[in-house]
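A.B. asks: Following is a predicted model, sequence given first.
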Amino acid sequence: MSLLTGSANTIKYVLFAFNLVFLITGIILIAVGVGVASVFYSYEVLLASNFFSIPTFLIVIGVFIIFISFFGCWGALRENYCLTLIFAILLGLIFILELAAGISGYVLRSDAEQLLESSLKGSLTLYQKKPTYRFIYAYLGLCAIYFRLLWRK
């Protein structure tokens, strides 16, 4: 039996609906992370491991969102103060983490190109040794990078 009446009951179901949307979003993030990881699996030998932490990050964030939305859905439906409080604390933690990620993304925005170039230069040593690298370089059109760096030597 619900202890809430009128507009408080409406707020309960609106909170449940929003958390259901977050649950679906978490499932989509997990699916996108798995999809990106499977598509770029063949390029793993070419790039640094930093580039392949993004799909893992998406999967972890998706699981975290599902975990948080569970507290919101269950706390709203059961009208449980403890679960709703945990949900609010976790939302505050997410806000702080998003703020930190935004600031670090802004500060480190210029390092992405240098990281990609150094990763590709590091894989150039394997170009002559393995035919897989020659195929990937030709497929991606990276031969110009290889020959330009050879020309500098």
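C.D. replies: Happy to help now that I have it.
A.B. asks: Output stretch 101-114 as CSV, nothing but the C-alphas.
C.D. replies: Provided in CSV are the C-alpha atoms of stretch 101-114 (Å, rounded to 0.1, in the frame of the first residue of the first chain):
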residue,chain,number,x,y,z
ALA,A,101,36.2,14.2,-17.1
GLY,A,102,35.1,17.3,-18.8
ILE,A,103,37.9,19.4,-17.3
SER,A,104,40.5,16.7,-18.1
GLY,A,105,39.2,16.3,-21.7
TYR,A,106,39.5,20.1,-22.2
VAL,A,107,43.0,20.2,-20.8
LEU,A,108,44.3,17.1,-22.7
ARG,A,109,42.6,17.8,-26.0
SER,A,110,45.8,18.6,-27.9
ASP,A,111,47.6,15.4,-26.8
ALA,A,112,45.3,13.1,-28.8
GLU,A,113,47.0,13.7,-32.2
GLN,A,114,50.5,13.3,-30.7
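A.B. asks: and Phe70, what does it touch?
C.D. replies: Neighbour list for Phe70: Leu23 [criterion: CB atoms under 8 Å, 6 or more residues apart in numbering]. In this view, the C-beta of every residue, glycine as well, is placed from N, C-alpha and C.
A.B. asks: element containing it?
C.D. replies: With secondary structure defined by DSSP states H and E, Phe70 is part of helix 53-78.
A.B. asks: And the next helix or strand past that helix?
C.D. replies: Trace forward from helix 53-78 with DSSP H and E and the next one is helix 81-107.
A.B. asks: can you state the direction angle for that following helix and helix 53-78?
C.D. replies: Put simply, helix 81-107 runs at 150 degrees to helix 53-78, going by axes from the mean of the first three to the mean of the last three CA atoms, to 10 degrees.
A.B. asks: Could you list every helix and strand that whichever helix in the chain runs longest packs against?
C.D. replies: With DSSP state H applied, the helix covering the greatest number of residues in the chain is identified as helix 7-39. When contacts are defined as 3 or more CB pairs under 8 Å, 6 or more residues apart in numbering; DSSP states H and E, helix 7-39 packs onto helix 53-78.
A.B. asks: before we move on, the earlier item: between the longest helix of the chain and helix 53-78, how big is the angle?
C.D. replies: Going by the same axes, to 10 degrees, helix 7-39 makes 160 degrees with helix 53-78.
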